[in-house]
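S.K.: Mind folding the following:
(one chain, ligands or ions: 1)
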Amino acid sequence: MEATLRAILDTAVWAPSGDNSQPWSFTLHGNNIRVHLDPHRDNPILNFKLSGTYIAHGALIENIILAASLSGVRAEAHILPDLADPYCTAEIICTESGVDADPLAAFIRERHTNRKSYKKQPLGTEVTAAFSAAAETIKGTKLFLTEDKKAIRAVAAASAVMEQVALETPALREIFVGDILWTDEENRSGKQGLAIKTMELPLPARLIMRHLHNHFVARITDMIGFANMARLANTGLYASAPLMGLITIAEESPSAYIAAGRAIERVWLDAASHGLAFHPVTGILFLARSLERGSAEGLLPKHFEQIRRANATIRKQFGVEASDTPAMLFRTGYASPATARSYRRAPDIQTI
Ligand SMILES: Cc1cc2nc3c(=O)[nH]c(=O)nc-3n(C[C@H](O)[C@H](O)[C@H](O)COP(=O)(O)O)c2cc1C
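M.R.: Residues are numbered from 1 along each chain as shown. The predicted structure follows:
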């Protein structure tokens, strides 16, 4: 069984995580897998109360269950099983039962982020119904979808505020630029960070990003309004999608964020099964949560109102109830293939 569990984890770690941080490790005991969270891998400014890390774990846990089904293994997940250890996100009890392979499991390694411009081609009701069915199985989450052009434009403009804030805020700019993997070798090593080719930047933006740590270049970009240009360019890019979606949760807790991660992974795998490109555009939600909860550390007061308005626009366009919290925002549609994909480090597994 140990070899099977290791094979399941080899597949499952192809889950998405913010900045490809892969904030996880595992212990095997008998037929059980314990999933552990590393609280230091995701950056605190973009990871309010570890919410991004818990979302990534949700996607990972869903992948473990699905990947197990490929080997005829039934995987029963107990979420946050140990009150004394909030960093143990799941205990997964595996039994060889001849369970049927879940059709979504075939797309775990196929799923990836595509940050290109998308084609206007509508997706059709069969696809939107499949997304809803995929998310519905995860309790405590709601999926909102919109194909309305005006709503998409408004949400695109709101989410692109993130790029402006990130480029104008020294602490965020450092993370943004510092985490770029500039070579294929770095990407293939499975290191945390975004591989430059996966960012799909036009050449001038790529050159500026390459030299943005230089104070002189940073000053010139401020003078020419590069951050504002990036916001406008990304508004157009995000608005190219024929469909945008939002996953909300009813309460802000680690288990609710894990549920959001499970739901987004199922929708994303379903999108992959339909040959669709997919791109989370969630940064603005994380900034808004930090601000709402009074921990605006690292952010500049000049952006507070802009972040609040962007968050309010997203809530309004999707009709989110006041008591619910937006957890993951995404765009999807048909597109040409991503220029590159990100890699993973081998899973860190201890046997006890
Ligand atoms: C919680 C979370 C938030 C994310 N937010 C963004 C985002 O705002 N923008 C973006 O381009 N990608 C975002 N991503 C995608 C990750 O960067 C991506 O999953 C990771 O780099 C691995 O690449 P892959 O999805 O192609 O396997 C997010 C992923 C997760 C799990």
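
S.K.: Okay, helices next: where are they in the protein?
M.R.: Shown for the chain, the helices assigned by DSSP state H span residues 2-12, 51-70, 125-136, 149-159, 161-168, 170-178, 184-188, 203-211, 215-224, 226-239, 254-273, 283-292, 304-318.

S.K.: Against which helices or strands is the third one packed?
M.R.: If you count contacts as 3 or more CB pairs under 8 Å, 6 or more residues apart in numbering; DSSP states H and E, helix 125-136 packs onto strand 141-146, strand 243-249, helix 254-273. (C-beta placed from N, C-alpha, C; glycine too.)

S.K.: Can you lay out the helices of the chain as JSON lines showing distance to Met328 and mean pLDDT?
M.R.: As requested, these are exported to JSON lines (distance: least, CB to CB, whole Å; pLDDT from 0 to 100):
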{"stretch": "helix 2-12", "distance to Met328": "19", "mean pLDDT": "97"}
{"stretch": "helix 51-70", "distance to Met328": "6", "mean pLDDT": "97"}
{"stretch": "helix 125-136", "distance to Met328": "10", "mean pLDDT": "96"}
{"stretch": "helix 149-159", "distance to Met328": "12", "mean pLDDT": "98"}
{"stretch": "helix 161-168", "distance to Met328": "14", "mean pLDDT": "95"}
{"stretch": "helix 170-178", "distance to Met328": "20", "mean pLDDT": "88"}
{"stretch": "helix 184-188", "distance to Met328": "24", "mean pLDDT": "95"}
{"stretch": "helix 203-211", "distance to Met328": "25", "mean pLDDT": "92"}
{"stretch": "helix 215-224", "distance to Met328": "30", "mean pLDDT": "90"}
{"stretch": "helix 226-239", "distance to Met328": "15", "mean pLDDT": "96"}
{"stretch": "helix 254-273", "distance to Met328": "5", "mean pLDDT": "98"}
{"stretch": "helix 283-292", "distance to Met328": "8", "mean pLDDT": "93"}
{"stretch": "helix 304-318", "distance to Met328": "11", "mean pLDDT": "97"}
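
S.K.: Quick one: those as a markdown table, columns for distance to the ligand and mean neighbour count too.
M.R.: Shown next, in a markdown table, are those (distance: least, CB to the nearest ligand atom, whole Å; neighbours: other CB atoms under 10 Å):
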| stretch | distance to the ligand | mean neighbour count |
| --- | --- | --- |
| helix 2-12 | 13 | 18 |
| helix 51-70 | 4 | 27 |
| helix 125-136 | 15 | 16 |
| helix 149-159 | 8 | 20 |
| helix 161-168 | 7 | 23 |
| helix 170-178 | 11 | 16 |
| helix 184-188 | 10 | 14 |
| helix 203-211 | 14 | 14 |
| helix 215-224 | 20 | 12 |
| helix 226-239 | 10 | 19 |
| helix 254-273 | 7 | 25 |
| helix 283-292 | 4 | 22 |
| helix 304-318 | 13 | 18 |
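
S.K.: Nearest to Ala101, out of those?
M.R.: Proximity of the helices of the chain to Ala101 was assessed by CB to CB; the nearest stretch is helix 51-70, lying at 5.0 Å.

S.K.: Quickly list the domain ranges of this protein.
M.R.: According to automatic domain parsing, the chain is divided into the following domains: 2-109+344-351, 125-333.

S.K.: sorry, back to before: relative to Ser71, which of the helices and strands packed on helix 125-136 is closest?
M.R.: Comparing those under CB to CB, the one sitting nearest is helix 254-273, at 17.4 Å.

S.K.: and that closest one, what does it pack onto?
M.R.: Contacts defined by 3+ CB pairs under 8 Å, 6+ apart place helix 254-273 against helix 51-70, strand 88-96, helix 125-136, strand 141-146, strand 243-249, strand 277-280, strand 325-333.

S.K.: repeat that for 6 Å
M.R.: Counting contacts by 3 or more CB pairs under 6 Å, 6 or more residues apart in numbering; DSSP states H and E, the secondary-structure elements packed against helix 254-273 are helix 51-70, helix 125-136, strand 141-146, strand 243-249, strand 325-333.

S.K.: tilt between that helix and helix 125-136?
M.R.: 150 degrees (axes from the mean of the first three to the mean of the last three CA atoms, to 10 degrees).

S.K.: which residues are in contact with helix 254-273?
M.R.: With contacts defined as CB atoms under 6 Å, 6 or more residues apart in numbering, helix 254-273 is touched by 51, 54-55, 57-59, 62, 79-80, 104, 107, 110-111, 130-131, 134-135, 138, 140-141, 247, 249, 278, 327-328, 332.

S.K.: circling back: may I see the domains of the chain arranged in TSV, with distance to Lys119 as well?
M.R.: Rendered in TSV, the data for these read as follows (distance: least, CB to CB, whole Å):
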stretch	distance to Lys119
domain 2-109+344-351	20
domain 125-333	6
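
S.K.: Which residue comes closest to Ala296 once chain neighbours are left out?
M.R.: In space, not counting the residues next to it along the chain, Ala296 is nearest to Ser290; the distance is 5.9 Å by CB to CB, 6 or more residues apart in numbering.

S.K.: isn't the one you found right up against Phe48?
M.R.: Yes. With contacts counted by CB atoms under 6 Å, Ser290 reaches Phe48, the gap being 4.5 Å.

S.K.: Tell me the predicted confidence for Asn214.
M.R.: The predicted structure scores Asn214 at 88 on the pLDDT scale.

S.K.: do Trp14 as well
M.R.: Trp14 is assigned 98 on the pLDDT scale.
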